[in-house]
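A.B. asks: Everything below, folded, please.
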Amino acid sequence: MTLRGIRGSRFGVARIAIPVAAVLWSFGVTARAACLSGFVRDRSGRPVPGGDLDFFDFETGSKISTSGDGTDVFGFYSVCVHPGVYRVTFAPPPGTRLLGNEFSHVDLSAAGGREMDVVLDQGRVVTGAVRTADGVALGGVDVDVDRASGGRLFTPNDKSDATSGAYAIVIPDGTYRFRFTPPRGAPWQGLQLDAVAITGDQTLDVNLQPGALLYGRLRDEVGRPQGSVELDLRRREDGTRVFLVNKSADSNGDYAVAVPRGAFEVRFVPPRGSRAVAARIDNLTIDDDTRLDLVLVNGFLVTAVALDSAGAPLEDADVKAVQESSGLELFLPHDETGANGRTQLALPPDLYSFRLEPPDEKGLDEIELRGIPVTRDTLLAAWLPSRGWPHVRGRVVDQSGKAVVGAMVHVLAIPGGGARSLPILGTNASGAFDLALPRGVCELRVTPPRGTRLVAQRLLPATVTGDAVLGDIVLESGFLFEARVTNELGVPVLGASLRFAVPGGGAELDTAETDASGIAIVALSPALYDVTVTPPAGAALSSTTLTGIEVRADIAVEFVLQLNGNSTPPLTSFQSLAPNPFRRAIEIGVAVHTPALVSIDLYDAAGRRVRTLAHGEQTASNFTCAWDGSREDGGPAPAGVYFVVLRAPATTDTRKILLLR
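C.D. replies: Just a heads-up that it's a prediction; the model follows:
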């Protein structure tokens with residue numbers, strides 16, 4: 001077998017047809033490697049010798065070390081790597097007018113690899129020098145170029161010279177944003193130039209201003225580094241945002257950024273999906289180099305879902321959260337929903353009021369959800385009503401007339417007989433609620449706060465024609481039904497939902513999900529019930545139903561969910577937990593079968609989170625983490641039963657461990 005394109009090429013070099021096995025051997029790569037080979041030419045068909053190829057892992061972005069990754073005198077290249085998917089860049093030699101080329105998704109997972117010829121176009125040469133305000137050359141400054149429409153150009157050899165500060169890049173005609181980024185830790189501020197039009201070769205000299213270094217270390221409550229957190233700086237006098245470069249903390253939690261002098265508001269913004277709670281310092285005066293170390297607490301993830309009055313995802317809805325214990329509105333950096341109507345927020349445990357505000361042009365009213373407990377990862381969904389809908393007001397009380405705070409009022413609209421979910425609202429401190437509803441037949445369901453003996457109530461359908469006052473909705477006391485849900489191995493199932501139905505066509509009642517110990521508790525009126533338990537998505541378990549369960553007193557029932565052999569394999573799974581029981585430390589082994597965001601949390605027997613052991617993106621691999629029996633605050637956890645919860649997209653798995661003292 002020979003490499004296509006060499007024999008019979010226009011250079012007449014058939015004598016160098018090389019067997020693939022020989023190529024593999026020459027690079028010292030095993031026969032399981034995949035090779036990418038081909039010719040690099042300019043638009044006229046001339047070979048591009050001396051070019052350089054770089055390979056980056058598609059999932060992680062990490063650069064792969066490769067040998068022999070340049071083009072020869074014929075423009076030919078052949079590079080062998082481990083099978084996988086890569087981003088591949090082609091850089092022409094310095095001093096040419098050729099543009100670099102970039103391929104974001106090159107699949108080399110098949111045995112033997114593939115062939116790919118590359119054509120490099122010509123562009124415009126932009127040269128210049130980077131200096132200080134007093135004319136001293138600055139080396140190592142990175143020159144980045146962004147398209148006006150978004151997206152960064154690939155510009156190889158784009159750092160300024162250490163001696164002269166000179167740089168030279170090649171880009172096509174167009175209008176661009178230029179960014180000049182000095183080395184990390186340098187006392188020079190970055191510079192951004194907007195709307196730079198390039199229509200020919202051009203000289204662009206710049207001067208960088210001196211700055212004070214704002215630096216420090218970011219940790220969580222137990223001293224673990226908080227990496228990838230970004231700094232956001234706003235001027236106190238007018239709130240304008242300061243352009244910053246090198247603004248992310250590294251993997252050790254260290255950051256160092258050159259900033260102007262003055263008074264600022266400083267924001268620390270963790271990446272989306274992180275459990276680290278964002279922090280804000282309202283007033284920081286920077287006159288000289290300033291060290292600012294900070295502890296970012298870990299919280300729970302609240303997934304907020306905003307839907308419009310028709311039930312479609314609502315983009316650009318603004319989410320605000322107020323801590324009911326303090327009355328303070330929290331700083332939420334990722335507070336706008338995306339195209340799927342969702343955003344994810346990290347919040348410390350507390351009771352919250354949430355307000356969802358729609359974009360002005362949507363013709364929707366905002367909605368407020370009160371008394372929402374955030375004591376675990378929480379899904380918060382709300383439908384925002386159309387402006388002009390009638391308002392239905394009422395109050396929720398218990399049998400003694402006392403206000404029920406934090407009861408959730410769920411609404412079902414039944415136009416034409418088809419039910420669909422509408423706004424969900426929490427009652428305020430006086431038990432009152434105020435709902436905007438569409439005209440037509442609607443049905444209200446009132447769910448009391450968790451942990452009470454109050455029984456949820458479902459009101460009869462009523463026709464909404466205008467504003468209405470319902471008066472008091474009285475919730476009666478009932479008996480506690482405790483459900484414990486496990487799989488066949490006796491492992492508690494987190495996030496299973498329970499549905500109760502009265503035999504003979506009675507009303508159905510949705511209940512809360514099971515906690516980390518597999519337990520859900522709900523108050524029920526005395527009656528016979530059929531109970532259906534549905535596992536969380538991706539749990540590889542089947543639903544189960546028990547019929548004719550009599551509730552005449554407090555009762556506890558165990559449900560065992562069978563393993564579903566037809567389910568697809570989970571993205572992650574436990575490999576080992578040893579020793580178990582343990583006294584000093586337990587090692588937890590996890591297999592990640594597909595790259596994913598993975599978290600490992602510990603809960604006590606009451607369902608309270610004790611500690612987060614791991615949270616972040618993981619490549620397909622096996623990894624281990626250990627628990628030494630300490631809480632999140634560093635203090636020792638008491639002896640007893642704990643649950644290790646492994647989470648990944650569409651995957652939740654729970655294992656029981658025993659700590660001895």
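
A.B. asks: Residue 49: how many residues sit nearby?
C.D. replies: 15 (other CB atoms under 10 Å). (Glycine included, C-beta is placed from N, CA and C.)

A.B. asks: How about the one 10 residues further on?
C.D. replies: In terms of burial, residue 59 registers 16 neighbours under the definition other CB under 10 Å.

A.B. asks: where does it fall, phi/psi-wise?
C.D. replies: phi -80, psi -40 (degrees, to the nearest 10).

A.B. asks: How far off centre is stretch 64-84?
C.D. replies: Its chain's C-alpha centre and that of stretch 64-84 lie 35 Å apart, by CA atoms, centre = their mean, to the nearest Å.

A.B. asks: Oh, that last question was meant for stretch 238-248, not what I typed.
C.D. replies: Relative to its chain's centre, stretch 238-248 lies at 23 Å (CA atoms, centre = their mean).

A.B. asks: List the buried residues for stretch 525-542?
C.D. replies: Buried residues in stretch 525-542, defined by neighbour count with 16 or more other CB atoms under 10 Å: 529-536, 538-542.

A.B. asks: Just the endpoints, please. Distance across that stretch?
C.D. replies: The first and final residues of stretch 525-542 sit 28 Å from each other (CA to CA, to the nearest Å).

A.B. asks: Over to stretch 597-611?
C.D. replies: 18 Å.

A.B. asks: which residues are in contact with it?
C.D. replies: Applying CB atoms under 8 Å, 6 or more residues apart in numbering, the contact partners of stretch 597-611 are 222, 273, 275, 300, 375-376, 515-517, 519, 572, 588, 590, 592, 612-618, 625, 627, 630-632, 637, 640-649.

A.B. asks: same thing but 6 Å
C.D. replies: Stretch 597-611 is contacted from outside by 273, 515-517, 572, 612-615, 617-618, 631-632, 637, 641-648, using CB atoms under 6 Å, 6 or more residues apart in numbering.

A.B. asks: pLDDT averaged over that stretch - what is it?
C.D. replies: Looking at stretch 597-611 alone, the average pLDDT works out to 83.

A.B. asks: which residue is nearest the centroid of the protein?
C.D. replies: residue 273 (2.8 Å; CA atoms, centre = their mean).

A.B. asks: In terms of helices and strands, where is that one?
C.D. replies: Counting by DSSP states H and E, no helix or strand carries residue 273.

A.B. asks: which residues sit in contact with it?
C.D. replies: So residue 273 contacts 344, 597 (CB under 6 Å, 6+ apart).

A.B. asks: what about it, distance to residue 224?
C.D. replies: Note on residue 273: its distance to residue 224, by CB to CB, to the nearest Å, is 17 Å.

A.B. asks: repeat for residue 65
C.D. replies: Residue 65 is 29 Å from residue 224, by CB to CB.

A.B. asks: Show me which of those two is the more surrounded one.
C.D. replies: residue 224 (15 against 8).

A.B. asks: Show me the contacts of stretch 597-611 that map onto strands.
C.D. replies: 572, 612-615, 617-618, 641-648 (DSSP state E).

A.B. asks: can you pull out the helices in this protein?
C.D. replies: Counting by DSSP state H, the chain has these helices, from start to end: 20-26.

A.B. asks: out of everything not next to it in sequence, what's closest to residue 140?
C.D. replies: residue 183 (4.6 Å; CB to CB, 6 or more residues apart in numbering).

A.B. asks: so the one you found makes contact with residue 141?
C.D. replies: No - counting by CB atoms under 6 Å, residue 183 sits too far from residue 141 to count as a contact (7.5 Å).

A.B. asks: neighbour count winner among these two?
C.D. replies: Each of residue 183 and residue 141 has its neighbours counted (other CB under 10 Å); residue 141 has more, 27 against 13.

A.B. asks: Tell me the pLDDT of the more buried one.
C.D. replies: Residue 141 is assigned a predicted lDDT (pLDDT) of 96.

A.B. asks: One more: residue 58?
C.D. replies: We have a pLDDT of 82 for residue 58.

A.B. asks: Kindly provide the distance from the residue nearest to it when sequence neighbours are not counted to residue 656.
C.D. replies: Leaving out its chain neighbours, the residue that sits closest to residue 58 by CB to CB, 6+ apart is residue 85, at 4.1 Å. With the distance defined as CB to CB, residue 85 ends up 38 Å from residue 656.

A.B. asks: between those two, who's got more neighbours?
C.D. replies: Neighbours per residue (other CB under 10 Å) separate residue 85 from residue 656, with residue 656 holding more: 18 against 13.

A.B. asks: what sits against that one?
C.D. replies: Residue 656 neighbours (CB under 6 Å, 6+ apart): residue 643.

A.B. asks: Where does pLDDT dip in the stretch 501-650 of the chain?
C.D. replies: The model of the stretch 501-650 of the chain has pLDDT under 70 over residues 505-512, 516, 537-539, 565-570, 606, 650.

A.B. asks: thinking again about what came up before, can you list the buried residues of stretch 525-542 in JSON lines and add distance to residue 601?
C.D. replies: Output for the buried residues of stretch 525-542, formatted as JSON lines (distance: CB to CB, whole Å):
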{"residue": "529", "distance to residue 601": "32"}
{"residue": "530", "distance to residue 601": "33"}
{"residue": "531", "distance to residue 601": "28"}
{"residue": "532", "distance to residue 601": "28"}
{"residue": "533", "distance to residue 601": "23"}
{"residue": "534", "distance to residue 601": "22"}
{"residue": "535", "distance to residue 601": "19"}
{"residue": "536", "distance to residue 601": "15"}
{"residue": "538", "distance to residue 601": "17"}
{"residue": "539", "distance to residue 601": "16"}
{"residue": "540", "distance to residue 601": "20"}
{"residue": "541", "distance to residue 601": "20"}
{"residue": "542", "distance to residue 601": "25"}
